[in-house]
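K.L.:
Test case, fold it:
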Amino acid sequence: MRLYIEGPVNKYYVQTLCMIFFPGTKFSDDEEITDETPQLWVTMTADDEAGVTVNARLSYAGEEASAERRYDYREGYTKERIEKIAVGDAVTAVGEAVIGYRSSWGMLTGVRPSKVATELLQKGYSKTRVKKLLTEDYAVIPKKANLATEVAVNEAKLIGTPGKKDCSVYVSIPFCPTRCAYCSFVSYTSKRLLSLIPDYLVRLVRDLEVTFDMIHRMDLNLRTIYIGGGTPSILDPDQLTFLLGRIRELTDVGALEEYTLEAGRPDTITAEKLAVARDMGVGRISVNPQILCDEVLKNIGRAHDTEMFFKAYETARASGIPVINTDLIAGLPGDKFSTFSASFDQIIKLRPENITVHTFCVKRSSDLRKANAYSMRGGDTGKCVDYSQIQCAHEGYLPYYMYRQKNTVGNFENVGFALPGCEGLYNIYMMEEVHSIFAVGAGAVTKMVDYSPADDSARFINRLFNPKYPYEYLDTAGEEAMKSKIEAIETFYRERHLLE
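P.N.:
So this is what the prediction gives:
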């Protein structure tokens, strides 16, 4: 796709708007232009007194449309926000005219669709007013405006007032028994790479030691630990004992608000492994079927079938670990409403404490990207997403966190539901960026967060990236990255006066 931009327009924002109408598109100034090349012109003129005017024109496959949007600056919105709304309005207008498609989320494109609702609630607007502003100013359809507002309200109750010394720890286990066709995570499946696990754990524990030492030295308030992947339950019982036992020695896991082991794959879950997790203080696990249709599971490369899921879930429930999460994915290739709704009905009968409903996303390095699995309208996916949300509400599950990804089928969302009091707190802390997350392990990203700066400016976030691949993490680069990470974190907290 070719973009032509004039004026103070955020190019990345325009690209994300374009991906609503052209999922999977690539942007290049060098590609040869044909009749099938989408071309978008966006021009902005802004005046501090008069407001902002945005003109957009889209040409594609012999069709063309133009739109002009004029907005006055007004109280309650920054100039930058008004300008963004004007751009979003103009670009989505020409997209709808040429493609004949309207996103249910209007011009909201970011990872956190409830962010605008949160900001409006914090300004003192009522829930009713927030929903109205989402529909009027951002072109969000009413049911999505209601969802975003409900998530924002529930998140606010759980977050409370973040403390400047609050933090969480993420532990990365980037190994899987097989690779799913939709996956793009840095996870490793070959025998040669899986053979790295013993050395990786030794290195990981060293990283944990210096990280927890730093937390204790700075007298930080550790709220949650999340062990994710990959597939953490690929570790055998002895390896789990080694890792979880060392964590228990390094910090008081009994004082945590939440301690999660993302077991995930039913084909890796055993009673012995879960007994280790329970005895080491883990209070939350995931058992993820993705869908309860063997044909679809086979198509996406999962190594389990529905019977294996039910056995794994029964094992998890018998383990005594109090909170179980299950993941489902709406819109998987080959799935349809009848199989998704039947899957969801079976899951909700199990009464897991958490149910997370994802929308299938065509990720950049996944196998399904090569198969051109993009879908703008999403077929049955919208019905599946709606069904899950209606049934969760009917069964007493509350939506407590939400996020979206680029190139999601139908441009729909991922929502976490929970029985009251069983919400996954790490998910909220990570997604809403209310406190620092210290990441340990290959491919993991540390977020250093100053949620409420002393000068009343916007929250400040700095990211640190661990070596991406396990073999890099095991090399000298991993040791150097660990040392520089600790130094950078200590400098961040000291310079931003977060230890006072």
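K.L.:
I'd like the next helix or strand past the worst-scoring helix or strand of the chain on mean pLDDT.
P.N.:
The weakest-scoring helix or strand in the chain, judged by mean pLDDT, DSSP states H and E, is helix 367-370 (a mean of 50). Going down the chain from helix 367-370, the next helix or strand is helix 381-394, by DSSP states H and E.
K.L.:
I'd like to know which elements that next one is packed against.
P.N.:
strand 323-330, helix 337-350, strand 354-359, strand 398-403, strand 414-418 (3 or more Cβ pairs under 8 Å, 6 or more residues apart in numbering; DSSP states H and E). For every residue, glycine as well, the C-beta is placed using N, CA and C.
K.L.:
mind checking how far the residue nearest in space to the middle of the chain is from residue 357?
P.N.:
For the chain, residue 403 is the residue whose C-alpha lies nearest the centre (Cα atoms, centre = their mean; 5.2 Å). According to Cβ to Cβ, to the nearest Å, residue 403 and residue 357 sit 12 Å apart.
K.L.:
same thing with residue 411?
P.N.:
15 Å.
K.L.:
Give the residues shared as contacts by residue 403 and residue 357.
P.N.:
Counting by Cβ atoms under 8 Å, 6 or more residues apart in numbering, the common neighbours of residue 403 and residue 357 are residue 414.
K.L.:
And for residue 227, nearest residue in space, chain neighbours not counted?
P.N.:
residue 171 (4.4 Å; Cβ to Cβ, 6 or more residues apart in numbering).
K.L.:
Surely that neighbour touches residue 230?
P.N.:
No. Counting by Cβ atoms under 8 Å, residue 171 does not reach residue 230; the two are 10.5 Å apart.
K.L.:
about what we covered before: quick one: what helix or strand has the residue nearest to residue 227 in it?
P.N.:
Going by DSSP H and E, residue 171 is part of strand 166-173.
K.L.:
buried set for the next helix-or-strand element following that strand?
P.N.:
Next along the chain after strand 166-173, taking DSSP H and E as the criterion, comes helix 191-194. For helix 191-194, burial by neighbour count (16 or more other Cβ atoms under 10 Å) applies to residue 193.
K.L.:
how about helix 191-194 as PDB, C-alpha atoms only?
P.N.:
The C-alpha coordinates for helix 191-194 follow below in PDB (Å, rounded to 0.1, in the frame of the first residue of the first chain):
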ATOM      1  CA  LYS A 191      14.900 -31.900  19.900                       C
ATOM      2  CA  ARG A 192      18.100 -30.000  19.500                       C
ATOM      3  CA  LEU A 193      16.600 -26.800  20.900                       C
ATOM      4  CA  LEU A 194      14.600 -28.600  23.600                       C
END
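K.L.:
in terms of contact, does residue 221 touch residue 166 like I think?
P.N.:
Yes. Contact criterion Cβ under 8 Å: residue 221 and residue 166 qualify, at 5.0 Å.
K.L.:
higher neighbour count, those two?
P.N.:
Between residue 221 and residue 166, residue 166 has the larger neighbour count (other Cβ atoms under 10 Å), namely 20 against 14.
K.L.:
Now the terminal residues of stretch 466-486, how far apart.
P.N.:
One end of stretch 466-486 sits 12 Å from the other (Cα to Cα, to the nearest Å).
K.L.:
residue contacts, residue 129?
P.N.:
Applying Cβ under 8 Å, 6+ apart, the residues contacting residue 129 are residue 120.
K.L.:
whoops, I mixed them up, residue 413
P.N.:
105, 113, 144, 147, 359, 385, 402-404.
K.L.:
ok, now with 6 Å
P.N.:
Contacts were defined as Cβ atoms under 6 Å, 6 or more residues apart in numbering; by that measure residue 413 touches 402, 404.
K.L.:
Likewise for the one 5 residues further on?
P.N.:
With contacts taken as Cβ under 6 Å, 6+ apart, residue 418 has the following neighbours: 354, 400.
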